[in-house]
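In: Return atomic coordinates for the entry below.
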Amino acid sequence: MEKSQIVLRAKPSPAVDLLTEARSLSALAEQEATCTRCPLYKNATQVVPGEGSPHARVLLIGEQPGDVEDRAGRPFVGPSGTLLDIALERAGVERDRCFVTNAVKHFKFDPRGKRRLHKKPDAGEIDACRWWLDRERALLQPGLIVALGATAIRGALGRSEAVSHLRGEIFNLDGGAQFLATVHPSSLLRLKDESDKRQAWRGFLADLRKIASWIEKDEARAAS
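Out: Presented below is the predicted three-dimensional model:
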């Protein structure tokens, strides 16, 4: 069986009625601002809710806000966001056609003097914040969910999977949506070797072009 025919089954969310708490994305963002479901809210500047059109057919899920996002209160506006914007444009994907969010809504960091160094969320923090991610998905009803990195994969599926195991293939999800996994753009920024950077960039663009192809097919289906 080809990978694209395999149905990925996400771990069930503990939430029963995902639309009870909020009937719109703006109302959901207001509720997220009061979240205390894990300790990360204590040190973060503010929550960083998802952003984009409520009619977006593509949901892009990142890891967590970085330092810039934490201060701005918006997702993917720092260095990783800049790189993602460039990559989406070159792949033929308009960012405003997507809803962009993170698996974890508060910035986790280690203080180093005046600097705040990014620290990866643990499984408990990802799972606690999945409560919000599930509500975003319920309100959006996206046709394609794109996980950028391992943290996003766990947020989307409710379990850990290696990026390399799922990367670059569009899978069917139970519930009707489809799923694509790729690397987080921050992984490209950490590379030092120029040859490695070029190879990683080509691979990332190849993955994002699959989003453009999916959008084209989705629009054709809607028009038929």
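In: Make sure Ile145 is indeed in a strand.
Out: Yes - under DSSP: H, G, I helix; E, B strand; the rest coil, Ile145 falls within a strand.
In: which residues does it contact?
Out: Leu59, Ile61, Arg137, Ala156, Leu173, Ala177, Gln178, Phe179, Leu180 (CB atoms under 8 Å, 6 or more residues apart in numbering). Using the backbone N, CA and C atoms, a C-beta is placed for each residue, glycine as well.
In: 10 Å instead, please
Out: Counting by CB atoms under 10 Å, 6 or more residues apart in numbering, Ile145 makes contact with 8, 10, 58-61, 133, 137, 152, 155-157, 171, 173, 177-181.
In: ok, now Ala87?
Out: When contacts are counted by CB under 10 Å, 6+ apart, Ala87 touches Val93, Thr182, Pro185, Leu188, Trp201, Phe204, Leu205, Asp207, Leu208, Arg209.
In: Pipe those into a markdown table and attach secondary structure and pLDDT per row.
Out: Below are the contacts of Ala87 laid out as a markdown table (DSSP: H, G, I helix; E, B strand; the rest coil; pLDDT from 0 to 100):
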| residue | secondary structure | pLDDT |
| --- | --- | --- |
| Val93 | coil | 97 |
| Thr182 | strand | 98 |
| Pro185 | helix | 97 |
| Leu188 | helix | 96 |
| Trp201 | helix | 97 |
| Phe204 | helix | 98 |
| Leu205 | helix | 98 |
| Asp207 | helix | 98 |
| Leu208 | helix | 98 |
| Arg209 | helix | 98 |
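In: For the spatially most central residue of the chain, give me its contacts.
Out: Closest to where the C-alpha atoms of the chain average out (CA atoms, centre = their mean) is Ile61, at 0.6 Å. Ile61 makes contacts with 50, 75, 99-103, 133, 136-137, 142, 145-149, 151-153, 155-156, 181, 184, as judged by CB under 10 Å, 6+ apart.
In: next one: Trp132
Out: Residues near Trp132 by CB under 10 Å, 6+ apart: 15, 21-22, 28-29, 31-32, 35, 37, 47, 49-50, 101-105, 155.
In: Next: Glu32.
Out: Listed by CB under 10 Å, 6+ apart, the contact partners of Glu32 are 22, 41, 46-50, 105-106, 129, 131-132, 135-136.
In: partners of the residue lying closest to Arg74 once chain neighbours are set aside in the sheet?
Out: Spatial nearest neighbour of Arg74, excluding adjacent residues (CB to CB, 6 or more residues apart in numbering): Glu51 at 5.9 Å. Note on Glu51: beta-bridge partners Val100, judged by DSSP bridges.
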